[in-house]
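Colleague: What follows is a predicted structure for the sequence shown.
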Amino acid sequence: MTNESTSRTLTMAQAISEAIGMEMERDSRVFYMGEDVGKYGGIFSATTGLLDKFGPERIMETPISETGFLGTAVGAAAEGLRPIAEIMFVDFFGVCFDQIYNHLAKNTYMSGGALKFPAVITTGIGGGYNDAAQHSQCLYSIFAHVPGLKVVVPSNAYDAKGLMIEAIRDDNPVIFMYHKGIMGLSWMSYFEGSTNAVPEESYTIPFGKANVIRQGTDLTIVTLSQMVQKSLLAADKLAELGISAEVVDLRTLVPLDKATVLKSVAKTGRLLVADEDYLSFGLSGEISSIVAENLDTLQMKAPVLRLAVPDVPIPFSRPLEQFAIPQVDSIVDSARQLMNAKAFK
Amino acid sequence: MEPSSEKLLWMYKTMIEIREYEEAMVKVYLEGKLPPKIQKGLAFDIGAGPVPGEMHLAAGQEPVAVGVCAHLHAEDSVVGAHRPHHFAIAKGVRLNEMTAEMFGKVTGLGRGKGGHMHLFDPKVKFSCGGIVGAGAPQACGAALAAKKMGKDWVAIAFFGEGAANQGAFHEALNLASLWKLPVLFVVEDNSWGISVPKSMSTSVASNADRAAAYAMPGIRVDRNDAVDVYMAAGEAVARARRGEGPTLIEVKTDRYLGHFQGDPEAYRPKDEAPTLRKDDPIPALGAMLRSRGLLNDETDAGIRAEIAARIEAAYEFGRSSPYPEASEALQHVFSS
């Protein structure tokens, strides 16, 4: 189970396709649907090599008909199959969200628990490479907002493999969101911390267990996905400034590991939420509320600080995008601001 | 109706302008994206260089754009998709400002906020977007507006054959037919939805057949030829202006380049694109013009020189314009 057991490193894309392949070998009910998932191997390489291994009956190329194949996943899951459906970019959920939030998410509940929907929806998220407003969003908060969906957002290859296997074995709908800028693609710059040692054997990482990826004492940075990698780089810079940052990688939004967040904030007394989703009505507000609801047990040294996309669509132009999406330096600046904030009167 | 000499020459010039513009873009786009200037281990960096992000080019697909747009006025609306430059140029979108947009400059159509897939030029009523199929119902909206205002304007939705499998396409067709909207749905069938051949994605050989399900004319143009497209679109536009409702046209066309620049195209037979280029529609129209005495070496050289100068100026404008201030990212979320 530990990543010390092997010296083999994989990119996050390789880890994801390996996990899917292992589960397809283990369980004949598992199959994959999506656009360009066959010969192309997935636009973000989540299915590289799987068509050759499993053939077109199980690696199913779909038309550009997201409502069609998402609904197909809902129906097939109800019959006991275990579909994985890929929506190329999370932004494209707009054309098929009904199948997800009105059906996939609710049918277990509305059937009084009589039906289960063991489906995984995979999708690429995030910006940073100038793909503009319709191809750069994160949107995980929208999925986490809807009851009935588990939401997984890994930050590195090791976690991605264990979380993907867990997702496929889960009897509930799981949204598995991979940030394009940590997949280790050969055609997009990425954060190299996301490529790490991955055991060859099968393993799972349970949902709802945040990972304290770096220990610290002065402030807690709660984050996820690519922003974990940015936060680790920021923590290095902060260390040079004499500031000790603890970095909490949430790994999953639903279920959410409130205990680990609280434990860390209880230790540091300062919370910075670093998020690549929109600021308002989302993850950063949710995490802040954990602190607000537990102020009676916490000794906060500063108000909570939220760093996120400032409620604007992701702009195309490089200086605008760099401004809108939190960067390593903006995490550093926010942490310093937090350290300089006045204690409560 | 046969195109006039004037229309033939316009289509020829415009196709050259589109092709030359995009060939220039192939080179500019690659600037800064290749080793050794990028992250070690990468073959290509999509987010680097003066024109970052995705880039979908339309070399080979010019006949669709000019054959339809030859019938349009500034008041007619065009809604393109993620591969928009040929339609934009044929509709008369401001070339300098469009180019500046792709460079992310403040002088761009959208002040650098939209980029190449999201071009808006209200002066000639052009728009486009990056979500497959989304333009079809929006064109219905433009057509409905024209009808409500008592104008004889038409709206065109251009999209690829892959988009005809989206729910939005089918809903738009039904609505347009039901409400007799002055709209044309123009399908560019370049045979490929990224890596997926039409035969693997579409239950009918010709999307024109789908028109019957919505009680509207469906026309298949089987040759990648500007005049053939012109003829088909002419009747459809006239019908729309007469208030007789929508038409669906599918044009067989060719994608010479990858889905996007940097596409490894491992899914595509290696000799396909070079073979397709042998049927290049631009020299074909040039030969026709020559046979009619409308073009000779001298006039052709003059046309090409004029276009080259315009394109060079557009790229220079884009390159040399300033970036927006970073804080502009916070503006324009709402119109006021």
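Modeller: That came through fine. Residues are numbered from 1 along each chain as shown, chains lettered A, B, ... in the order given.
Colleague: Setting aside sequence neighbours, what's the nearest residue to B:Met151?
Modeller: Just so we're on the same page, residue B:151 is Lys rather than Met. Using C-beta to C-beta, 6 or more residues apart in numbering or on different chains and skipping residues adjacent in sequence, the residue nearest B:Lys151 is B:Glu75, 6.9 Å away. (C-beta placed from N, C-alpha, C; glycine too.)
Colleague: so that neighbour touches B:Lys123, yeah?
Modeller: No. Using C-beta atoms under 8 Å, B:Glu75 is not in contact with B:Lys123; the gap is 10.8 Å.
Colleague: Can you show me the helices along the stretch 1-150 of chain B?
Modeller: For the stretch 1-150 of chain B, the helices defined by DSSP state H, counting those that start in this stretch occupy B:5-30, B:62-69, B:85-91, B:95-102, B:135-148.
Colleague: Run through who's touching the second one.
Modeller: With contact meaning C-beta atoms under 8 Å, 6 or more residues apart in numbering or on different chains, helix B:62-69 is reached by B:10-11, B:14-15, B:18-19, B:58, B:78, B:86-87, B:89-91, B:156, B:158, B:184, B:186, B:188, B:224-230, B:232-233, B:237, B:249, B:251, B:253, B:281-282.
Colleague: restrict the residues you listed to those near chain A?
Modeller: The subset of the contacts of helix B:62-69 lying close to chain A, counting by C-beta under 8 Å from any C-beta of the partner chain, is empty.
Colleague: Give me the ChimeraX select line for those residues, limited to the buried ones.
Modeller: Typed into ChimeraX, the line below selects the buried ones among these, using 16 or more other C-beta atoms under 10 Å in any protein chain shown:
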select /B:10,11,14,15,18,19,58,78,86,87,89,90,91,156,158,184,186,188,224,225,226,227,228,229,230,232,233,237,249,251,253,281,282
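Colleague: Just the buried positions in the helix or strand encompassing B:Glu298, please.
Modeller: Assigned by DSSP states H and E, B:Glu298 falls within helix B:297-320. The neighbour-count check on helix B:297-320 (16+ other C-beta under 10 Å) flags B:Ile303, B:Ile307, B:Ile311, B:Ala314, B:Tyr315, B:Phe317, B:Gly318 as buried.
Colleague: Turn those into JSON lines, including pLDDT and distance to chain A.
Modeller: Listed next are those as JSON lines, based on pLDDT from 0 to 100; distance: C-beta to the nearest C-beta, whole Å:
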{"residue": "B:Ile303", "pLDDT": "98", "distance to chain A": "33"}
{"residue": "B:Ile307", "pLDDT": "98", "distance to chain A": "27"}
{"residue": "B:Ile311", "pLDDT": "98", "distance to chain A": "21"}
{"residue": "B:Ala314", "pLDDT": "98", "distance to chain A": "17"}
{"residue": "B:Tyr315", "pLDDT": "98", "distance to chain A": "17"}
{"residue": "B:Phe317", "pLDDT": "98", "distance to chain A": "15"}
{"residue": "B:Gly318", "pLDDT": "98", "distance to chain A": "12"}
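Colleague: got the residue ranges for the strands in the chain?
Modeller: Since no chain was named, I'll use chain A. Under the criterion DSSP state E, chain A carries strands at the ranges A:9-10, A:30-34, A:59-61, A:82-89, A:120-125, A:150-152, A:174-179, A:196-197, A:211-214, A:219-223, A:245-249, A:252-254, A:271-278, A:305-309.
Colleague: Hmm, no, I was thinking of chain B.
Modeller: So, for chain B - with DSSP E - the strands run B:77-79, B:120-121, B:126-127, B:155-160, B:183-189, B:192-193, B:196-197, B:218-221, B:247-252.
Colleague: average model confidence for the last one?
Modeller: Strand B:247-252 shows an average pLDDT of 98 in the prediction.
Colleague: Parallel or antiparallel, list what pairs with that strand.
Modeller: As defined by DSSP bridges, the strand partners of strand B:247-252 come to strand B:183-189 (parallel), strand B:218-221 (parallel).
Colleague: and the first one with strand B:155-160, angle?
Modeller: This means strand B:183-189. Per axes from the mean of the first three to the mean of the last three C-alpha atoms, to 10 degrees, the angle that strand B:183-189 makes with strand B:155-160 is 20 degrees.
Colleague: May I have strand B:183-189 exported as CSV, CA atoms only?
Modeller: What follows is strand B:183-189, C-alpha atoms only, in CSV (Å, rounded to 0.1, in the frame of the first residue of the first chain):
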residue,chain,number,x,y,z
VAL,B,183,-32.5,29.6,-41.0
LEU,B,184,-30.1,27.3,-42.8
PHE,B,185,-28.4,24.4,-41.0
VAL,B,186,-25.2,23.7,-42.9
VAL,B,187,-23.3,20.6,-42.0
GLU,B,188,-19.6,20.4,-42.9
ASP,B,189,-19.0,16.7,-43.4
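Colleague: Residues in contact with that strand: which ones?
Modeller: B:61, B:64, B:68, B:136, B:139-140, B:142-143, B:154-161, B:163-164, B:169, B:172-173, B:176, B:198, B:207-208, B:233, B:236-237, B:240, B:246-253.
Colleague: Over to stretch B:230-248?
Modeller: Counting by C-beta under 8 Å, 6+ apart, B:1-3, B:7, B:11, B:66-68, B:70-72, B:143, B:147, B:152, B:154, B:173, B:176-177, B:180-187, B:207-208, B:210-211, B:214, B:216-219, B:221, B:249, B:251 sit against stretch B:230-248.
Colleague: Am I right that B:Tyr214 is in contact with B:Leu175?
Modeller: No. Contact criterion C-beta under 8 Å: B:Tyr214 and B:Leu175 do not qualify, at 9.0 Å.
Colleague: can you count the residues close to B:Ser335?
Modeller: Other residues lying near B:Ser335 total 4 when counted by other C-beta atoms under 10 Å in any protein chain shown.
Colleague: So what's the gap between stretch B:197-212 and the chain middle?
Modeller: 21 Å (C-alpha atoms, centre = their mean, to the nearest Å).
Colleague: now swap in stretch A:50-60 and tell me
Modeller: Per C-alpha atoms, centre = their mean, the displacement of stretch A:50-60 from the mean C-alpha position of its chain is 26 Å.
Colleague: again with stretch A:130-137
Modeller: The answer for stretch A:130-137 is 17 Å, by C-alpha atoms, centre = their mean.
Colleague: Let's see that stretch as PDB, backbone CA atoms only.
Modeller: Only the C-alpha atoms of stretch A:130-137 are listed here, as PDB (Å, rounded to 0.1, in the frame of the first residue of the first chain):
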ATOM      1  CA  ASN A 130      -5.300  29.300 -22.500                       C
ATOM      2  CA  ASP A 131      -8.200  27.200 -23.600                       C
ATOM      3  CA  ALA A 132     -10.700  30.000 -22.600                       C
ATOM      4  CA  ALA A 133     -14.000  30.000 -20.900                       C
ATOM      5  CA  GLN A 134     -15.700  26.900 -22.400                       C
ATOM      6  CA  HIS A 135     -12.700  24.500 -21.900                       C
ATOM      7  CA  SER A 136     -11.000  25.500 -18.600                       C
ATOM      8  CA  GLN A 137     -13.400  25.200 -15.800                       C
END
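Colleague: hmm, it in reach of chain B?
Modeller: Yes. Applying C-beta under 8 Å from any C-beta, one finds stretch A:130-137 touching chain B at A:Asn130, A:Asp131, A:Ala132, A:Ala133, A:Gln134, A:His135.
Colleague: need these in a markdown table with neighbour count and pLDDT, can you?
Modeller: Formatted as a markdown table, the residues of stretch A:130-137 next to chain B follow (neighbours: other C-beta atoms under 10 Å in any protein chain shown; pLDDT from 0 to 100):
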| residue | neighbour count | pLDDT |
| --- | --- | --- |
| A:Asn130 | 26 | 98 |
| A:Asp131 | 27 | 98 |
| A:Ala132 | 28 | 98 |
| A:Ala133 | 22 | 98 |
| A:Gln134 | 21 | 98 |
| A:His135 | 27 | 98 |
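Colleague: Farthest pair within these?
Modeller: A:Asn130 and A:Gln134 (12.5 Å; C-beta to C-beta).
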